[in-house]
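Chemist: sequence unavailable; structure follows:
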């Protein structure tokens, strides 16, 4: 069984390690974003990337303890970490493991965008977890997708190529590089409850 593939970063993230899962397979089935998904396009263009994401999911399913041990090992060695440049939170147990990893590693700021609103809301509502301050959960919007956000998680919105957006007028524009925002204590790493960031469609 292959080990977890941890990316050391990319042009947008900068030198921020991340772990990803396959697009579409781990994402919501009721969102039109899959038709324009940049991660899906990347998987098609780069088979090695698609294989890495697929292997991560296979290891998660076959041996979740090994998956999480290796992910946490990467988190332990990092000041910043990102979940799911591709893919999304597969299920509630996965989210709870994310929370546990963050709680045990308060030195590391962890970022995760998600459209799995119900999983996060249910964990908060039922008291299954208290999300630690170093775990930055951002609800990701898409036109036509209803966002249920009763706990005022920060939100990420898109400015589409035609100029339309679901973001409020006070939404912060994405600076374009996660690492730059991280080291300057800005951007998505410091969004407050209910605050929004807006990304240009890519």
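Modeler: Arrived safely. Quick caveat: nothing in here was measured; it's all calculated off a predicted structure. Numbering: from 1, shown residues only.
Chemist: what's around residue 111, how many residues?
Modeler: Using other Cβ atoms under 10 Å, residue 111 is surrounded by 24 other residues. C-beta coordinates here come from the backbone N, C-alpha and C atoms, glycine included.
Chemist: where's it relative to residue 78, distance?
Modeler: Plainly put, residue 111 is 11 Å away from residue 78 if you go by Cβ to Cβ, to the nearest Å.
Chemist: confidence score at residue 110?
Modeler: At residue 110, the pLDDT value in this model is 97.
Chemist: check which helix or strand it maps to.
Modeler: Taking DSSP states H and E as the criterion, residue 110 maps to strand 109-114.
Chemist: right, and the helix or strand after that strand?
Modeler: helix 117-125.
Chemist: distance from that next one to the middle of the chain?
Modeler: 15 Å (Cα atoms, centre = their mean, to the nearest Å).
Chemist: in that helix, which residues are buried?
Modeler: Going by neighbour count (16 or more other Cβ atoms under 10 Å), the buried part of helix 117-125 is 117, 119-121, 123.
Chemist: looking at it now, give me its mean pLDDT.
Modeler: Helix 117-125 shows a mean pLDDT of 97.
Chemist: the protein: strands as residue ranges?
Modeler: For the chain, strands defined by DSSP state E occupy the ranges 6-7, 18-19, 80-83, 109-114, 135-140, 155-159, 172-173, 196-200.
Chemist: put together JSON lines for these, with distance to residue 92 on each row.
Modeler: Below are the strands of the chain laid out as JSON lines (distance: least, Cβ to Cβ, whole Å):
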{"stretch": "strand 6-7", "distance to residue 92": "23"}
{"stretch": "strand 18-19", "distance to residue 92": "18"}
{"stretch": "strand 80-83", "distance to residue 92": "15"}
{"stretch": "strand 109-114", "distance to residue 92": "12"}
{"stretch": "strand 135-140", "distance to residue 92": "14"}
{"stretch": "strand 155-159", "distance to residue 92": "21"}
{"stretch": "strand 172-173", "distance to residue 92": "30"}
{"stretch": "strand 196-200", "distance to residue 92": "26"}
